[in-house]
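Trainee: I would like to see how this sequence folds:
(chains A, B and C)
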Amino acid sequence: MEHWSATTIQAFRQTLLAWYDREGRDLPWRRDQDPYHVWVSEVMLQQTQVNTVIPYYQNFMATFPTVDDLAAADQETLLKAWQGLGYYSRARNLQRAAQQVVQDYHGKWPETAAGLADLTGIGPYTSCAIASIAFGEVVPAVDGNAFRVFSRLLMIEDDIAKPQTRQLFKRIIQPIVDPDRPGAFNQAIMDLGSSYMTSKNPDTAHSPVKDFDASFKADRVLDFPVKTKKPRPKLMPYYAIIVQSPAGYLLTQRTTQEMLSGYWTFPLVTQADLQAEDATEPAGLDADIATLEHRWATEYQVPVKLSPVGGQPVSHTYTHQRWQIKLLTATLVETPPLTFYPGKWVLAEQIADLPLPKVQEKIMARYEKQGHPDVFGVN
DNA sequence: GAGACGTGGAA
DNA sequence: TTTCCAAGTCT
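Mentor: Sure thing, here's the model as predicted:
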């Protein structure tokens, strides 16, 4: 690993910030240093690319102009504003933190990284990003860009997938941060990491800091950062139950214990949920349909006659799970009360008004293409 | 400390 | 189609 002298650090800051002042991106959340703006943008940008965030950020600010508006928002409006962005706990945590600021802090933001980290959804990266950008605290914001940029500049071999490596990077970067412009410094590193020093196809030869790049001089740019791989997603077979009645389609809201919590889907059942305790092998489609029909008649008191929908199962891959969903459908002549099933009937044309996860949109699209054209208007 | 937690884009 | 990412946090 390389080590920089005080002189090198000075020169690096000067070169980096001169480039940033010249070519830094003009982004909607960089128009001012309002902590609310910085905070919302930083949370949206977690594990999400800038181009994806921009329209969401602009819509979010139009919908919730101030931290008070966000704190007072109803959950449906909030989740709808976050629909499609993913990692939906961010939206719930964002509102919880807004309520903390309004109620616990009487509208006055904590101005240090340590103080900001007490708010829900603000971790070691985001706390430092907000503190440096909005309040000028001299701390490094160590995100994926900082890991990539500094692991290459200094040829740091430590595995960035390990939580403890963050502490090492913080100690290394801390003395390099420009004490006069910490926010600009951190944002310059991010712009560098998303332009010349990208993960794939970097253009280090034209990087403004190539003279400081030890991995470039050693022709080992792609050896950094060192990161161990995550396991592949686990296959999860599902059934989606599409029940239609005169009152519309049956939708259910994901509970707080489930992923996608708060969002609406057709009833979903894992194949594993249908297996009898003493079953030694998977039961097959006909047996599963029989089990489901029996369950809906007895447990939910909604008598359904299920038919398979044609085509391949709908496939949707998350970071840790790969769902393969077979569609089953039933049409009821009368609308039964949902006394024993936690859901509601929704007219087809009103489904899109609910907050829906991507997988629900995929299921609706498949249903339309398999003999039910223009029902939901998603294709 | 390892795993849960979404989606869209690029190769 | 598959794989790997992209401004992480929480448990």
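
Trainee: A:Ser245 touches A:Lys344, doesn't it?
Mentor: No - using C-beta atoms under 8 Å, A:Ser245 is not in contact with A:Lys344, being 11.4 Å away. Every C-beta, even on glycine, is put in place using the N, C-alpha and C of the backbone.

Trainee: Tell me the buried residues in the helix or strand hosting A:Phe216?
Mentor: Element membership of A:Phe216, judged by DSSP states H and E, is helix A:214-217. Buried positions in helix A:214-217, judged by neighbour count with 16 or more other C-beta atoms under 10 Å: A:Ala214, A:Ser215, A:Phe216.

Trainee: starting at the chain centroid, how far to it?
Mentor: Here the centre of helix A:214-217 is set off from its chain's centre by 33 Å, with C-alpha atoms, centre = their mean, to the nearest Å.

Trainee: What is that helix packed up against?
Mentor: helix A:144-153 (3 or more C-beta pairs under 8 Å, 6 or more residues apart in numbering; DSSP states H and E).

Trainee: now the helix or strand following the helix it packs on, how far from the chain's geometric center?
Mentor: As assigned by DSSP H and E, the chain's next helix or strand after helix A:144-153 is helix A:165-173. Computed by C-alpha atoms, centre = their mean, the chain-centroid distance of helix A:165-173 equals 25 Å.

Trainee: Give me the contact list for helix A:165-173.
Mentor: A:Pro124, A:Pro140, A:Val142, A:Ala146, A:Phe147, A:Phe150, A:Ser151, A:Leu154, A:Ile156, A:Asp158, A:Asp159, A:Ile160 (C-beta atoms under 8 Å, 6 or more residues apart in numbering).

Trainee: Got a ChimeraX select line for the buried ones in the residues you listed?
Mentor: Buried residues within those, by 16+ other C-beta under 10 Å, are selected in ChimeraX with:
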select /A:124,140,142,146,147,150,151,154,156,158,160
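
Trainee: Nearest to DNA strand B, out of the contacts of helix A:165-173: which one, please.
Mentor: A:Asp159 (9.0 Å; C-beta to the nearest atom of the strand).

Trainee: dump the residue contacts of the residue of the stretch 51-200 of chain A found nearest DNA strand B.
Mentor: In the stretch 51-200 of chain A, the residue found nearest to DNA strand B is A:Gly86; the distance is 2.4 Å by C-beta to the nearest atom of the strand. Neighbouring residues of A:Gly86 by C-beta under 8 Å, 6+ apart: A:Gln47, A:Thr48.

Trainee: That concludes my questions; thank you for your assistance.
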